[in-house]
Structures are given as structure tokens and as C-alpha cells.
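S.K.: quick one: sequence and predicted model below, then my questions.
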Amino acid sequence: MTLINAKPRTDAPTAVPAAALTTDIAWYNPESNLWVAAANGEHAGMVEFVDGHFTVRSSTGSVVAETSSIPAAQAALARHIDAPTSVPPRSFFQREPRPVYLRDSIAA
């Protein structure tokens, strides 16, 4: 049995048209529906087409954004690389308020 890949694989980096970006990002397309970004010679993140939308992930794998087009997804990752939004870590010493439950019957 012979398998033929209908879509050509592109291992060469492609440029992203963005005027205000300070980081040069090279995009690779190792598989269909997957785009991997490299910035300054290091893994910068990826864009994956899943369930009809593009999921943008940072270099650590956390979801940065979800978009409807590949240029918007690449721009979202570029913005994240230039100015990452930091989420403050949750303190283990901070207690979450507990819900209040009724002890009596509601029908009473």
C-alpha cells in the first residue's frame, strides 16, 4: 500500500507580516494544523487548529488565546511574546470562602 501526502510539508520558516513587533519570529509547519514558533533560536509557542478554531499556546503550553484565523493567532502569540501577561500565583494560605448550606428542610 502506498500513502501519498496531498499537502506539501513546509519545514522552512515563514515570516509574519507585523509592523510593530520587536521580536523576530520564525514559523514552522511540521504537520497539518500545527504551526510552531521560534524566537531568538528558542521555542516560543505554537498554534494548533482544533475543533474549528486556532488555539494559541505559549512556550510553556498554557493557552494564550483562541482565534478564528491563522494570522490572528500568530499575531496573538507575537503580542504575548513581546508583553506576556502574568497571572499572580494563588497563595495556598488564602482560604476560599465556603458555601453556606441550609440545615433545615426547605419545605418547612
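M.R.: On my side now, so go ahead.
S.K.: in the longest strand belonging to the chain, what counts as buried?
M.R.: Ranked by residue count and defined by DSSP state E, the top strand of the chain is strand 42-50. Neighbour counts over strand 42-50 (16 or more other CB atoms under 10 Å) mark 44-47 as buried. C-betas here are computed from N, CA, C, even on glycine.
S.K.: for stretch 71-79, same thing?
M.R.: 73-79.
S.K.: for that stretch, C-alpha coordinates in CSV please.
M.R.: Below are the C-alpha coordinates for stretch 71-79, written out as CSV (Å, rounded to 0.1, in the frame of the first residue of the first chain):
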residue,chain,number,x,y,z
PRO,A,71,-2.9,35.5,11.0
ALA,A,72,-4.8,36.5,14.2
ALA,A,73,-3.4,33.5,16.1
GLN,A,74,0.2,34.3,15.0
ALA,A,75,-0.3,38.0,16.0
ALA,A,76,-1.7,36.9,19.4
LEU,A,77,1.4,34.8,20.1
ALA,A,78,3.6,37.7,18.9
ARG,A,79,1.9,40.1,21.3
